[in-house]
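Chemist: what's the 3D shape of this:
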Amino acid sequence: MSNQPVDQSRRTWVTIACVAGGAGGVAAAVPFALTFQPSERALAAGSSVEVDISGLKPGEMATVEWRGKPVWIVRRTPEQVAALDKLASELADPNSERKPGELTPEYARNVHRSIKNDVFVAVGICTHLGCSPTSKFQAGPQASLPDNWPGGFLCPCHGSTFDLAGRVYKNKPAPDNLEVPQHMYLSDTKILIGEDKKA
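Modeler: Residues are numbered from 1 along each chain as shown. Take a look at the predicted model:
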């Protein structure tokens, strides 16, 4: 073991080099660590969506995006609401008994599949192969629809038809009703899609 005096200038340079190296390592690690955080787009995709329906008139539909999916909000007319009660014999799952936990929240397991009779909220994706059905609200004979059509949705890909509560008609390719997402009313004119529990 040597008892030579310590070169203080060399010690200073070693300390500076260590500090600089450590700072550089931290500077490199921070962006890397941030890659593990969800992006703003990912956060937005999973978050709930607030929708103002004050301007939605009876017979109209609005579409919003939630988790990358189209969500329809339909304000049904009194006539459209009344027609829902008469369709049970023509529907494959009139009481939303198939996959209830996955497709229909408990508060929407009724003939209207909604919280309020006149407002219907659904994910606009066919349960067959994921196409997006088109709105065919006008009742009566039309191309690709029966002569007694009461109004609803038609999937243009393979012809599945759904009533204005998103219930699939019998003998169609779609196996299930349209999904009703979790939602709740914040007020008479504001709906929160993606959440149904008050904090």
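Chemist: Report the contact partners of the nearest residue to residue 57 once chain neighbours are set aside.
Modeler: Distances taken as Cβ to Cβ, 6 or more residues apart in numbering put residue 75 closest to residue 57, at 6.5 Å, once the chain neighbours are dropped. Where you see a C-beta, it was placed from the backbone N, CA and C, and this is true even at glycine. Going by Cβ atoms under 8 Å, 6 or more residues apart in numbering, residue 75 touches 53, 56-61, 118-119.
Chemist: again, only using 10 Å
Modeler: Neighbouring residues of residue 75 by Cβ atoms under 10 Å, 6 or more residues apart in numbering: 53, 55-62, 116, 118-120.
Chemist: now residue 64
Modeler: Residue 64 neighbours (Cβ under 10 Å, 6+ apart): 49-51, 70-73, 121, 191, 193.
Chemist: at 8 Å what do you get?
Modeler: 49, 51, 70-71, 73, 193.
Chemist: Count the neighbours of the closest residue to residue 189 other than its chain neighbours for me.
Modeler: In space, residue 189 comes closest to residue 54 once its chain neighbours are excluded; the distance is 3.9 Å by Cβ to Cβ, 6+ apart. Residues near residue 54, counting by other Cβ atoms under 10 Å, number 8.
Chemist: What residues are bridge-paired with the residue nearest the centre of the chain?
Modeler: Residue closest to the average C-alpha location in the chain (Cα atoms, centre = their mean): residue 66, at 3.9 Å. Assessed by DSSP bridges, residue 66 has beta-bridge partners residue 69.
Chemist: Please report the distance of it from residue 130.
Modeler: Distance check for residue 66 against residue 130: by Cβ to Cβ, to the nearest Å, it reads 16 Å.
Chemist: Helix, strand or coil: sort out residue 83 for me.
Modeler: Of the three states, residue 83 takes helix according to DSSP: H, G, I helix; E, B strand; the rest coil.
Chemist: Tell me the pLDDT of it.
Modeler: pLDDT, residue 83: 92.
Chemist: burial count for the residue lying closest to it once chain neighbours are set aside?
Modeler: Nearest residue to residue 83 in three dimensions, chain neighbours excluded: residue 150, at 4.7 Å (Cβ to Cβ, 6+ apart). Residues near residue 150, counting by other Cβ under 10 Å, number 20.
Chemist: Now do the same contact list for residue 150.
Modeler: Residues in contact with residue 150 (Cβ under 8 Å, 6+ apart) are 80, 83, 86-87, 139, 163-164.
Chemist: Let's see which of these end up in strands.
Modeler: residue 163 (DSSP state E).
Chemist: avg pLDDT for stretch 53-64?
Modeler: 95.
Chemist: now stretch 113-122
Modeler: For stretch 113-122, the mean pLDDT works out to 96.
Chemist: so where's the protein uncertain?
Modeler: Along the chain, the parts satisfying pLDDT under 70 run over 1-46, 198-199.
Chemist: So which residues of it form strands?
Modeler: Going by DSSP E, the chain shows strands at 49-52, 60-66, 69-75, 119-123, 134-136, 152-154, 161-163, 183-187, 190-193.
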